[in-house]
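Colleague: following is a predicted model, sequence given first.
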Amino acid sequence: PAPRALAVGAVGFLVPVLACTALAVLPSALVRPAISTTAPAPAEIPARPETVSGELAWTRLAESPLDVVAGEAGPVVVQSGAVRGLDPATGAVRWSYERPGATLAAVDRADLLGQRYLITSPDGRYAALRIDAGWQWVLTVVLDTRTGEVTAERPSHENASLQLTDTAALDGDRAFSLADGHDLWTLPDPDGKRTSLRNAQDEGPVSSADLGHTGQAGHSAFVVRAWAADPHGSWDDLILIPDADPTATTRIDHVLTDPTDGRFAVVDGWTAQLTEDGARAAEADIAALEEARGKPDADASADTAASDWQTQAIDIDALAAGGDGSAASAAPAQPVPMGAGNGVDRWTSLISGELRLLAESRSGSGPDAPTAGAVFDPTTRSALAPDADPGLASAEVGIETAVQHGNTGGSAVVRPGDGSAGITMPIDDGSLARPSEMLDGEYRPVPQSRVTLESSNVAAMSVPGATLLILTPFDDSGSSHPPSLIRLCAFTGAPS
């Protein structure tokens, strides 16, 4: 069957749009006007679930989905021309931001699970999107995910990288406040190599600088340079700055990447790095591989000589602020040992809210069959083995099938690594896959990764207040990138 790309929680709802309460005319005439419906900030902010459990609270069908992310108070969903914030307890639309007829521009152009259309701050308070304005121009819009209020609108270049801390955005090489959009600073450019354009409304130069990282940054630190320091793509070296001082740079080396896309992951201000011993072992492994490849009888198909290396989770905010991880540094800078690994599962880390290592040698498993390693929980600052993890990062997700009276049926399931019950969603015969595919075990529960998510009809993600199960109904047309229809199922609370 044709692969079914499952954009992480991409969703658009078949529900009535809330009444329009305001019409906001943008400062640039290049894009269509917005229609916004805001809501009061919730009295309480729900926490992200620590375990995969609970009862089915609500489901919704969604047409023409684009993206979904975890806002600070629940899921935020995107469809063509619209962004909506949902109540995680009921699935009701709390606020909406619409631009009928406008084209939303992909923020992250990596071809993973479909494009990314929203980037959130590490605390989830703000979300940034881009609207296509033509001729390489986009309008970057920042929304408060608690209320749906537009807090900033800035002209931008479609090729510029975009990062968010809790209080600032770095759009290309220019930083601005997420709270009100005012300019903060522009990155120094001593070599004069960055490019900029002046838009049609003469609103000032806009940089097309790509700094090597798009997405969440730290809570108070940006990544202003990232480059592959290993010819086999096992790690990157990074340059960090505090979001309050673009001149104070800190370099960190041997930051682990995902073997499927060569990119590192930042989750709640933390990332995965080789320890000093791990880095020495990794450098020796790579050197040995390069030497072996230079011999006449070298195996040209060999990808890496690496075994697992010792790793740790590091707090990039504390490092950018001057912490060096020594005993004299502030507590948040202390690295947390994660055990053996040689990569990070970027997409599982992002959708679960926890860092997940890949622990098996790449030559032994390859990117098509990643093996879960330890999981780091930024909230508790502790690492767990996969078989002790009750959360989503180590869980297996897929379809469990059964045949009764000649009929093939089953359930979409999420099974945590620690063996706890997880969640189960009964499905109709043939609604997610052909019965023959279900019997063949093609969609059997497996750990989530970029590869499995692209070819699966079932995915799960964690948002404040709920665990979301995302189902892509079976479509015999074979065209589903992104899917044209999905069902979003929210599990909340503890099981009875």
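Modeller: Cool, got the structure.

Colleague: quick one, helices of this protein?
Modeller: Using DSSP state H, the helices found in the chain span residues 276-293, 316-320, 346-352, 362-365, 435-439, 450-455.

Colleague: quick one: list the elements packing against the second one.
Modeller: Right, helix 316-320. strand 221-228, strand 235-242, strand 250-256 (3 or more C-beta pairs under 8 Å, 6 or more residues apart in numbering; DSSP states H and E). Just so you know, the C-beta spots here come from the backbone N, C-alpha and C atoms, and that holds for glycine as well.

Colleague: mean pLDDT for the ones you listed: which is lowest?
Modeller: Lowest mean pLDDT of the helices and strands packed on helix 316-320: strand 221-228, a mean of 91.

Colleague: centroid residue for this structure?
Modeller: residue 350 (3.8 Å; C-alpha atoms, centre = their mean).

Colleague: name all residues that make contact with that residue.
Modeller: Going by C-beta atoms under 8 Å, 6 or more residues apart in numbering, residue 350 touches 8, 215-216, 265, 267.

Colleague: and the residues you listed, which is closest to residue 446?
Modeller: The shortest approach to residue 446 among those belongs to residue 8, at 16.6 Å (C-beta to C-beta).

Colleague: what pLDDT is listed against the closest one?
Modeller: The per-residue pLDDT reported for residue 8 equals 36.

Colleague: what does residue 457 give?
Modeller: According to the prediction, residue 457 has pLDDT 80.

Colleague: could you give the number of residues near it?
Modeller: If you count neighbours by other C-beta atoms under 10 Å, residue 457 ends up with 26.

Colleague: neighbours of the closest residue to residue 49 other than its chain neighbours, just the number please.
Modeller: Closest residue in space to residue 49, ignoring its immediate chain neighbours: residue 467 at 5.3 Å, by C-beta to C-beta, 6 or more residues apart in numbering. Applying other C-beta under 10 Å, we find 26 residues neighbouring residue 467.

Colleague: now swap in the one 3 residues further on and tell me
Modeller: A count of nearby residues for residue 470, using other C-beta under 10 Å, gives 28.

Colleague: shouldn't it be in contact with residue 486?
Modeller: Yes. Using C-beta atoms under 8 Å as the test, residue 470 is close enough to residue 486 to be in contact (5.9 Å).

Colleague: flag the shaky bits of the stretch 1-150 of the chain, pLDDT-wise.
Modeller: Applying pLDDT under 70 to the stretch 1-150 of the chain flags residues 1-32, 109-114.

Colleague: can you rerun that using 80?
Modeller: Filtered on pLDDT under 80, the stretch 1-150 of the chain yields the residue ranges 1-33, 62-64, 109-114.

Colleague: the strands in it, which residues?
Modeller: For the stretch 1-150 of the chain, the strands defined by DSSP state E, counting those that start in this stretch cover 22-24, 34-37, 55-63, 65-70, 75-79, 82-86, 93-98, 104-105, 119-120, 126-134, 137-144, 150-157.

Colleague: parallel or antiparallel, which strands does the fifth one pair with?
Modeller: It stands for strand 75-79. Strand 75-79 sits in its sheet next to strand 65-70 (antiparallel), strand 82-86 (antiparallel), going by DSSP bridges.

Colleague: ok, which of those comes nearest residue 254?
Modeller: Across the strands paired with strand 75-79, residue 254 has its closest neighbour in strand 65-70 (28.4 Å, C-beta to C-beta).

Colleague: tell me the angle of the closest one relative to strand 55-63?
Modeller: Interaxial angle, strand 65-70 versus strand 55-63 (axes from the mean of the first three to the mean of the last three C-alpha atoms, to 10 degrees): 150 degrees.

Colleague: quick check: closest non-adjacent residue to residue 60.
Modeller: Counting by C-beta to C-beta, 6+ apart, residue 488 is the residue found nearest to residue 60 once chain neighbours are left out, at 5.1 Å.

Colleague: same thing with residue 274?
Modeller: Of all residues not flanking residue 274 in the chain, residue 254 sits nearest, at 3.9 Å (C-beta to C-beta, 6+ apart).

Colleague: so who does the one you found touch?
Modeller: Counting by C-beta under 8 Å, 6+ apart, residue 254 touches 229, 235, 237, 273-274, 278-279, 282.

Colleague: show me how to select, in ChimeraX, the buried members of the residues you listed.
Modeller: Buried residues within the contacts of residue 254, by 16 or more other C-beta atoms under 10 Å, are selected in ChimeraX with:
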select :235,273,274,278,279,282
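
Colleague: which of the contacts of residue 254 sits closest to residue 71?
Modeller: Nearest to residue 71 among the contacts of residue 254: residue 273, at 28.4 Å, using C-beta to C-beta.

Colleague: bridged to the closest one, which residues?
Modeller: Taking DSSP bridges as the rule, residue 273 bridges to residue 255, residue 312.

Colleague: before we move on, the earlier item: quick one: the strands of the stretch 1-150 of the chain as TSV, columns for distance to residue 399 and mean neighbour count too.
Modeller: Shown next, in TSV, are these (distance: least, C-beta to C-beta, whole Å; neighbours: other C-beta atoms under 10 Å):
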stretch	distance to residue 399	mean neighbour count
strand 22-24	44	11
strand 34-37	37	20
strand 55-63	16	16
strand 65-70	20	27
strand 75-79	23	25
strand 82-86	25	26
strand 93-98	29	22
strand 104-105	31	21
strand 119-120	30	22
strand 126-134	31	23
strand 137-144	35	25
strand 150-157	40	21
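
Colleague: among the ones you listed, which is nearest residue 458?
Modeller: Of all those, it is strand 55-63 that lies closest to residue 458, at 13.7 Å by C-beta to C-beta.

Colleague: the closest residue to residue 229 other than its chain neighbours and residue 228: what is the separation?
Modeller: Spatial nearest neighbour of residue 229, excluding adjacent residues (C-beta to C-beta, 6+ apart): residue 237 at 4.3 Å. Plainly put, residue 237 is 8 Å away from residue 228 if you go by C-beta to C-beta, to the nearest Å.

Colleague: cool, and residue 55?
Modeller: Using C-beta to C-beta, one obtains 45 Å as the distance from residue 55 to residue 228.

Colleague: circling back to that earlier point, export the helices and strands packed on helix 316-320 to CSV and tack on distance to residue 401?
Modeller: Listed next are those as CSV, based on distance: least, C-beta to C-beta, whole Å:
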stretch, distance to residue 401
strand 221-228, 41
strand 235-242, 40
strand 250-256, 36
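
Colleague: nearest to residue 162, out of those?
Modeller: Judged by C-beta to C-beta, the one of these that comes nearest to residue 162 is strand 221-228, at 10.8 Å.

Colleague: show me the contact partners of that closest one.
Modeller: With C-beta under 8 Å, 6+ apart as the test, strand 221-228 has contacts from 163, 165, 168, 170, 175, 187, 211-213, 217, 235-243, 246, 249, 257, 262, 264, 266, 269, 316-317, 319-321.
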